[in-house]
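> Show me the folded form of this:
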Amino acid sequence: MRKYYAAQLSTLNTSLIQMGALCEDAISSAIQGFLENDPEIAKKVSDIEMEIDQFERDIERLCMRLLLMQQPVATDLRVVSSALKMISDLERIGDQAYDIADITKNNSFRDYGGKLDIKEMAKATIGMVTDSVDSYVKQDLELAKKVAKEDDRVDELFLRVRAELLELIRKDSVDSEDAFDLLMIAKYLERIGDHAVNVSEWVIYAITGDHV
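The predicted structure is shown next:
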């Protein structure tokens, strides 16, 4: 039975890595669509988001099977229950990546892409998603703690984007609706960072038993 549990836990880890990789792909593709003014990328992100949703359902079933059949206790219980919580945040990351792509689909931001720090925000949030999932698979407490610190950088970049947009508005160099949409893109990235922090906090709980 223990060998079966270990094999199922390995499957869980693999599935979480794949789900996290899809989240990274969704974010990078959405930002690519923004920077290159390519509305067709929205379809790609939509397809990725559907894959993420399927992983959420599959992992949820696997976790429930482990909980009901193996009845894990102590650390094992925390590991499985944390995974159940994590997939909800990863699914929301996929949703918000699609929200970014959906905004880009209906707007042309070619004139603004190079003037804002949105690309840097996306890079930082992708790193947070990667680190949060890796910290779970590796059971790496320090890596999990690092994610919260990385969120400070994302928050700082969000404030910078907001300031940049205010400056563009002041100079009458941006349409008001475009400014709102650009701010929403930055806000979605900021929320993605928050979800990555949530994942890392569940990792800390899985390892230590302390809920941040």
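
> and the helix or strand that contains Ile192, which residues are buried?
For Ile192, the host element (DSSP states H and E) is helix 176-208. Counting neighbours by 16 or more other CB atoms under 10 Å, one finds that the buried residues in helix 176-208 are 178-179, 181-183, 185-207. For glycine as for every other residue, the C-beta is placed from the backbone atoms N, C-alpha and C.

> isn't Asp155 right up against Leu189?
No - Asp155 sits out of contact with Leu189 when judged by CB atoms under 8 Å, with a separation of 10.5 Å.

> Distance-wise, check the spatially most central residue of the chain relative to Arg65.
In the chain, the residue lying closest to the centroid (CA atoms, centre = their mean) is Ile93, at 3.9 Å. To Arg65, Ile93 is 24 Å away according to CB to CB, to the nearest Å.

> Could you list the low-pLDDT ranges of this structure?
1, 110-115 (pLDDT under 70).

> and with 90 instead?
Scanning the chain for pLDDT under 90 picks out 1-6, 34-40, 69-76, 104-117, 119, 164, 167-169, 171-179, 210-212.

> For the lengthiest helix in it, which residues meet the burial criterion?
The helix spanning the most residues in the chain, taking DSSP state H as the definition, is helix 2-36. By neighbour count on 16+ other CB under 10 Å, the buried set for helix 2-36 is 8-9, 12-13, 15-16, 18-20, 22-35.

> what angle separates that helix from helix 176-208?
Angle, helix 2-36 to helix 176-208, by axes from the mean of the first three to the mean of the last three CA atoms, to 10 degrees: 160 degrees.

> How many neighbouring residues does Arg65 have?
Number of residues near Arg65 (other CB atoms under 10 Å) recorded here: 12.
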